[in-house]
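Undergrad: make a model of this:
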Amino acid sequence: MFSEYYNNQILSILNEMIMTEFQEESQDFALMIDREFRRKLNIPARGVDQAGFYVLNSVYTPSVLVEAGFITNRKEEKIIASKSYRKKIAKAIYGAIKRFKDKYESH
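TA: Numbering: from 1, shown residues only. Predicted coordinates:
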């Protein structure tokens with residue numbers, strides 16, 4: 001029981017170290033997506049936050065969770081339902097991916 005506790009603690013610390021290794025790159029990538037959204041979607045900046053979202057745990061690469069709108073907001077729900085708007089979202093994310101790739105492959 002005692003060693004199991006310490007093994008879990010060690011694994012938790014190692015996992016945290018691996019995730020924080022990509023924290024700066026993830027933040028940079030998120031800012032690139034935010035910038036592309038404001039350019040291509042003509043929406044106000046919502047900002048970029050960091051949190052330990054479950055879907056991003058144990059991901060050993062730069063990663064972000066993108067919220068392109070909220071279906072609980074009737075106006076946004078209507079906009080998101082538009083195929084052309086969803087295409088703009090995809091193009092904005094693609095633009096950020098290209099920018100991120102160009103920046104980090106040149107190092």
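
Undergrad: what pLDDT does the most centrally placed residue in the chain get?
TA: Residue closest to the mean C-alpha point of the chain, counted by CA atoms, centre = their mean, is Val64 at 1.4 Å. On pLDDT, Val64 comes in at 91.

Undergrad: okay, the helix or strand harbouring Ala30 in PDB with CA atoms only?
TA: Per DSSP states H and E, Ala30 falls inside helix 23-41. The C-alpha coordinates for helix 23-41 follow below in PDB (Å, rounded to 0.1, in the frame of the first residue of the first chain):
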ATOM      1  CA  GLN A  23       2.600  24.200 -22.200                       C
ATOM      2  CA  GLU A  24       4.300  27.100 -23.900                       C
ATOM      3  CA  GLU A  25       3.800  25.700 -27.400                       C
ATOM      4  CA  SER A  26       0.100  25.000 -26.600                       C
ATOM      5  CA  GLN A  27      -0.300  28.600 -25.400                       C
ATOM      6  CA  ASP A  28       1.300  29.800 -28.600                       C
ATOM      7  CA  PHE A  29      -0.900  27.600 -30.700                       C
ATOM      8  CA  ALA A  30      -4.000  28.700 -28.900                       C
ATOM      9  CA  LEU A  31      -3.100  32.400 -29.500                       C
ATOM     10  CA  MET A  32      -2.600  31.700 -33.200                       C
ATOM     11  CA  ILE A  33      -6.100  30.100 -33.400                       C
ATOM     12  CA  ASP A  34      -7.500  33.100 -31.500                       C
ATOM     13  CA  ARG A  35      -5.900  35.500 -34.000                       C
ATOM     14  CA  GLU A  36      -7.100  33.500 -37.000                       C
ATOM     15  CA  PHE A  37     -10.700  33.400 -35.600                       C
ATOM     16  CA  ARG A  38     -10.700  37.200 -35.100                       C
ATOM     17  CA  ARG A  39      -9.400  37.700 -38.700                       C
ATOM     18  CA  LYS A  40     -11.500  35.200 -40.500                       C
ATOM     19  CA  LEU A  41     -14.700  35.100 -38.400                       C
END
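
Undergrad: helix or strand right after it?
TA: helix 74-80.
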